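Asker: I'll drop the sequence and a predicted model, then ask my questions.
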Amino acid sequence: MTSNPSSASAGDLLTPLQRERFAQIADVLIVGVDGFPNPSEIGIHNTWIDLALTTWPAMQDVVRAVTDMEGDAETVVSELRTSQPQLFAGFGLITGGAYFMHPKVRALLSYPTATLVENPPLEGEWEYYLEDGLLDPVIQRGAFLRPVPEA
C-alpha cells in the first residue's frame, strides 16, 4: 500500500506539506526584526506547533484549514484577515503561542522559564487542618485508587 505524502498518519498532527505551508504563513504573520528570528528559522512548524496543538487540540482543524488554503502565504493571510476574521484570529493565536514558547524567543523577551518553587508547610499547619474533624472521614477511609476508563 502506498501512502499519500500530503496526508497525516494517525500519530501525526500535520502532514509534511501542511508543516511547510505553516512555516510560510507563520513567516508572513510574524516577521523577525530587531534580533528576533522568523518562525521558520526556529522551526516552529515542527516541535513547537506540535506542542501548541497538543496543548490545545481544538486548534488542529484551524491550522489544517489555513494550511490547506490555495495561494501564496501573503495572499492567504490577506484573504483570511478580510474574509474570515475568526479563522485568522485563531490561526494567529496558535501561531503566536508556538512562537513565544520557543526558548530563543523567550530569552530575547527576558521571559522567565517556569521553575518549581518549594512551598513546605508552616510549623503546625497540618495540625490546624485536623482540629475541627472535617478530614476525619477521609483519614478513616484511607487511600484508594479508582481505575480510569480507557478513552
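Answerer: Perfect, I can see it now.
Asker: elements contacting the helix or strand where Arg21 lies?
Answerer: Under the criterion DSSP states H and E, the helix or strand holding Arg21 is helix 16-29. Contact here means 3 or more CB pairs under 8 Å, 6 or more residues apart in numbering; DSSP states H and E; on that basis helix 16-29 packs against helix 60-67, helix 73-83, helix 85-101. Just so you know, the C-beta spots here come from the backbone N, C-alpha and C atoms, and that holds for glycine as well.
Asker: Present those helices as JSON lines; the columns should include mean neighbour count.
Answerer: Written out in JSON lines, the entries for the helices and strands packed on helix 16-29 read as follows (neighbours: other CB atoms under 10 Å):
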{"stretch": "helix 60-67", "mean neighbour count": "19"}
{"stretch": "helix 73-83", "mean neighbour count": "15"}
{"stretch": "helix 85-101", "mean neighbour count": "18"}
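Asker: so how far is Trp126 from Pro120?
Answerer: Look at Pro120 and Trp126: by CB to CB, to the nearest Å, they are 11 Å apart.
Asker: about what we covered before: for Leu134, which of the helices and strands packed on helix 16-29 is the nearest?
Answerer: Comparing the helices and strands packed on helix 16-29 against Leu134 with CB to CB, the closest turns out to be helix 85-101 (40.8 Å).
Asker: neighbouring contacts of the closest one?
Answerer: Residues from elsewhere that reach helix 85-101, judged by CB atoms under 8 Å, 6 or more residues apart in numbering: 22, 25-26, 29-30, 39, 42, 44, 48-49, 51-53, 55-56, 59, 62-63, 65-66, 77, 80-81, 105-106, 109, 111.
Asker: Might you report the residue contacts of Trp56?
Answerer: With CB under 8 Å, 6+ apart as the criterion, the residues that contact Trp56 are 94, 97.
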